[in-house]
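> coordinates for the following, if possible.
(2 chains, ligands or ions: 2)
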Amino acid sequence: MSIPETPAPLLAVSGLESCYGRIKALKGVSLEVASGELVALVGANGAGKTTFLRTLSGVQPASAGQILFAGEAIERLRPEQRVRRGICQSPEGRQVFGPLSIEDNLRLGGYTRSAAEVSEDLDKIYQLFPVLRDKRRLAAGTLSGGQQQMVAIGRALMGRPRLLLLDEPSMGLAPLMVEEVFAVIRRLRAEGMTILLVEQNAFGALALADRGYVLETGTITLTGSGAELLQNEQVRAAYLGL
Amino acid sequence: MLAQFLQYLFSGITIGATYALAALGFTMIYNASTVINFAQGEFIMLGGMLAVMFQQAGFPLPLAVLLAIIVPSLVGVLMEKMVVEPVRSADTVNIIIITIGASLVIRGVVQVVFGKGAFMLSSFSGDTPVEIGGAMIMPQSFWVIGVSALVVVGLWYFFTRTLTGKAMLATSFNRTAAELVGINTSWVLWMSFAMSAAVGALGGVLVTPLTMTSYDSGIMLGLKGFVAAVVGGLGSGAGALVGGLLVGVLEAMGAGYLSSSYKDALPFVLILLILFFLPRGLFGSRQTERV
Ligand SMILES: Nc1ncnc2c1ncn2[C@@H]1O[C@H](COP(=O)(O)OP(=O)(O)OP(=O)(O)O)[C@@H](O)[C@H]1O
Ligand SMILES: [Mg+2]
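Ligands and ions are numbered 1, 2, ... in the order given. Below is the predicted model:
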């Protein structure tokens, strides 16, 4: 049916719905991410971005729709089965295991991986975030917001993602820290990681992304390349304040 | 004077070790689910009763003890699967009431099968008391204290040194984040029920040669274990240990120096005092978001 030369996307979501009680937070979201792509999902407060990522990871039930990951329908799988297939998330608000050490947080990120993979990846994470190596015995809860964000991203990377979900990694960080987080995302992309990035900082996210989607009250209203969306009048007015 | 004090102290530590094991049981389930499992006392009772039953059935003592720990663990898992898991999304208070219901069922079944009588389990290494500083200590006391200490060390090792233990802790700190790293959190939940039941039953087995057991002996043991857990600070492992010993020693001293009729009242006076002056318990400083 499909045109042979376009390969099937790594992630293909169609008509995804999710509810909190009687409130429908996602009203039929369709979105695709191809292998190696960095896709940004932007939208105002309460648009449903977090709900979308939580539904992808399976910690929030879908009430309708389909999630195809690497060709497999995964919307009925438990969260840990999705992690094993390579969907790893750095959640909104970081959600580190506060009383546990940084290293324990990272090791738990590799909970589904073999011991050999974990010790190999631990080294990579410490190269990516050298400050975490120095503080690896400290409780993650004692770190600054920026460092906790590094732990959250590192923890997601420890799961060896085929698709990395990042929920507002720049939220509440000082400008310098925001730069650093975006630099890390750029570097991961350069290494070929497939990333779905959710941001309220639409400008930063779209400037970085291959493609973007705009989510408004549970519905995708716009989509296009990052550059196109940055030029779009609607987007500029609503999200960039231009 | 000193001999008498030592006598009370030892009996306090012995019974306190049992309370500590019960309190650790409350702690593990509370951490995994924020549920207070009021059937914890029944696991203690089951341990003692089953050890007696298996021994009378002719099993050698080590095997009888092992079975008396395994069977309550299975009951714990069954209870989690059939009673707690199906109402996962219900209010914590409702689940707590359900655990009270489960405890009534367990107690009722045991009463029907074994009757209302008291049962005795023979001591593990005889009944010749050992003299320490003028106090006469039953050999079984050393079993209770020694094995409890081993269990405490084992649990400490499990929760601080193994990835599986840390995954259980992580689930208690942040369930959603635990699911996002691939931890099967429903496994954590039934595992915590199995471990709590096993630890409680072990306490019951160990103490039965000193106290005897009957279908309703879990009520007081469970309540005092609960007091110990709250006094120590609900959710804290070290708190459960200290709380258990404190309740046990206080009770023994009260019974010895005041009157044995105060024995059961003192722990509850203690819990009121602690909750008044230290609402989070002795070790309950941790403040984490529970999701
Ligand atoms: N736990 C919840 N219970 C009830 N309603 C919720 C819950 N979480 C989110 N909602 C509602 O669902 C809608 C989508 O919320 P969501 O958190 O997914 O938005 P978001 O785009 O991530 O917003 P933000 O930019 O603030 O993170 C909002 O209307 C919100 O009020
Ligand atoms: Mg959000």
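
> what is A:Gln89 paired to in the beta sheet?
Beta bridges link A:Gln89 to A:Leu165, judged by DSSP bridges.

> neighbours of it, how many?
The local packing of A:Gln89 (other CB atoms under 10 Å in any protein chain shown) involves 32 other residues. C-beta: built from backbone N, CA, C; applies to glycine.

> now it: how far from ligand 1?
Noted for A:Gln89: a distance of 13 Å to ligand 1, by CB to the nearest ligand atom, to the nearest Å.

> what's the pLDDT at that residue?
A:Gln89 is assigned a predicted lDDT (pLDDT) of 98.

> now swap in A:Phe69 and tell me
Looking at A:Phe69, its pLDDT is 98.

> just say helix, strand or coil for residue 122.
Let's take chain A. When classified by DSSP: H, G, I helix; E, B strand; the rest coil, A:Leu122 comes out as helix.

> meant chain B, my bad for not saying
With three-state DSSP as the basis, B:Ser122 sits in coil.

> strands of the chain, start to end?
I went with chain A, as the question did not name one. With strands called from DSSP state E, chain A shows them at A:11-20, A:23-33, A:38-42, A:64-69, A:72-73, A:87-90, A:163-167, A:195-199, A:211-216, A:219-225.

> meant chain B, my bad for not saying
Using DSSP E, the strands of chain B run over B:130-132, B:135-137.

> what's the last one packed up against?
If contacts are counted by 3 or more CB pairs under 8 Å, 6 or more residues apart in numbering or on different chains; DSSP states H and E, strand B:135-137 sits against helix B:2-33, strand B:130-132.

> can you tell me the closest non-neighbouring residue to the residue in chain B that chain A sits nearest to?
When you check chain B against chain A by CB to the nearest CB, the closest residue turns out to be B:Gly182, at 3.4 Å. With sequence-adjacent residues excluded and distances taken as CB to CB, 6 or more residues apart in numbering or on different chains, B:Gly182 is closest to A:Val83, at 3.4 Å.

> and ligand 1, which of the helices and strands packed on strand B:135-137 is closest to it?
When the helices and strands packed on strand B:135-137 are compared by CB to the nearest ligand atom, helix B:2-33 sits nearest ligand 1, at 19.1 Å.

> so what touches stretch A:234-241?
A:Val42, A:Gly43, A:Ala44, A:Ala202, A:Phe203, A:Leu206, A:Val214, A:Leu222, A:Leu229, A:Leu230, A:Leu242 (CB atoms under 8 Å, 6 or more residues apart in numbering or on different chains).

> out of those, who's nearest ligand 1?
A:Gly43 (5.5 Å).

> give me the spatial nearest neighbour of A:Ala227, chain neighbours excluded.
Excluding its sequence neighbours, the residue lying closest to A:Ala227 (CB to CB, 6+ apart) is A:Leu206, at 8.0 Å.

> low-confidence stretches in chain A?
Applying pLDDT under 70 to chain A flags the ranges A:1-7, A:240-242.

> apply 50 and report the result again.
Within chain A, the segments meeting pLDDT under 50 span A:2.

> for the longest helix seen in it, packing partners?
Longest helix in chain A by number of residues, with DSSP state H as the criterion: helix A:175-190. Packing partners of helix A:175-190 (3+ CB pairs under 8 Å, 6+ apart): helix A:145-157, strand A:195-199, helix A:202-208.

> I'd like a version of these in JSON lines, one that adds distance to B:Leu258 and mean neighbour count as further columns.
Formatted as JSON lines, the helices and strands packed on helix A:175-190 follow (distance: least, CB to CB, whole Å; neighbours: other CB atoms under 10 Å in any protein chain shown):
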{"stretch": "helix A:145-157", "distance to B:Leu258": "52", "mean neighbour count": "24"}
{"stretch": "strand A:195-199", "distance to B:Leu258": "64", "mean neighbour count": "25"}
{"stretch": "helix A:202-208", "distance to B:Leu258": "70", "mean neighbour count": "21"}
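
> quick one: which of the ones you listed is nearest B:Met253?
Between B:Met253 and these, the tightest spacing by CB to CB is seen for helix A:145-157, at 47.1 Å.

> roughly how far does the closest residue to ligand 2 within chain A sit from chain B?
Closest approach between chain A and ligand 2, counting by CB to the ion: A:Thr50, at 3.1 Å. Here A:Thr50 is placed at a distance of 11 Å from chain B (CB to the nearest CB, to the nearest Å).

> that residue reaches A:Asp167, doesn't it?
Yes - between A:Thr50 and A:Asp167 there is a contact at 5.7 Å, judged by CB atoms under 8 Å.

> that older thread, could you find the closest non-adjacent residue to the residue of chain A closest to ligand 2?
Nearest to A:Thr50 is A:Glu92, by CB to CB, 6+ apart, at 4.9 Å.

> and that neighbour, backbone torsions?
For A:Glu92, the backbone dihedrals (degrees, to the nearest 10) come out as phi -60, psi 140.

> picking that back up, including distance to ligand 1, could the contacts of stretch A:234-241 go into a markdown table?
A markdown table is the format used below for the contacts of stretch A:234-241 (distance: CB to the nearest ligand atom, whole Å):
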| residue | distance to ligand 1 |
| --- | --- |
| A:Val42 | 9 |
| A:Gly43 | 5 |
| A:Ala44 | 7 |
| A:Ala202 | 11 |
| A:Phe203 | 15 |
| A:Leu206 | 15 |
| A:Val214 | 11 |
| A:Leu222 | 15 |
| A:Leu229 | 17 |
| A:Leu230 | 19 |
| A:Leu242 | 20 |
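
> closest one of those to B:Glu42?
Nearest to B:Glu42 among those, with distances taken as CB to CB, is A:Gly43, at 51.7 Å.

> nearest residue to that closest one other than its sequence neighbours?
Leaving aside its sequence neighbours, A:Gly43 sits nearest to A:Leu215 (CB to CB, 6+ apart; 3.7 Å).

> report the separation between B:Gln40 and B:Gln7.
Distance, B:Gln40 to B:Gln7, using CB to CB, to the nearest Å: 29 Å.

> who has more neighbours, the two?
Comparing B:Gln40 with B:Gln7 by neighbour count (other CB under 10 Å), the higher total belongs to B:Gln40, at 30 against 18.

> that one and B:Ala22 touch, don't they?
Yes - B:Gln40 lies in contact with B:Ala22 (CB under 8 Å); the separation is 5.8 Å.

> residues near whatever residue of chain A ends up closest to chain B, how many?
Per CB to the nearest CB, A:Val83 is where chain A lies closest to chain B, at 3.4 Å. Residues near A:Val83, counting by other CB under 10 Å, number 27.
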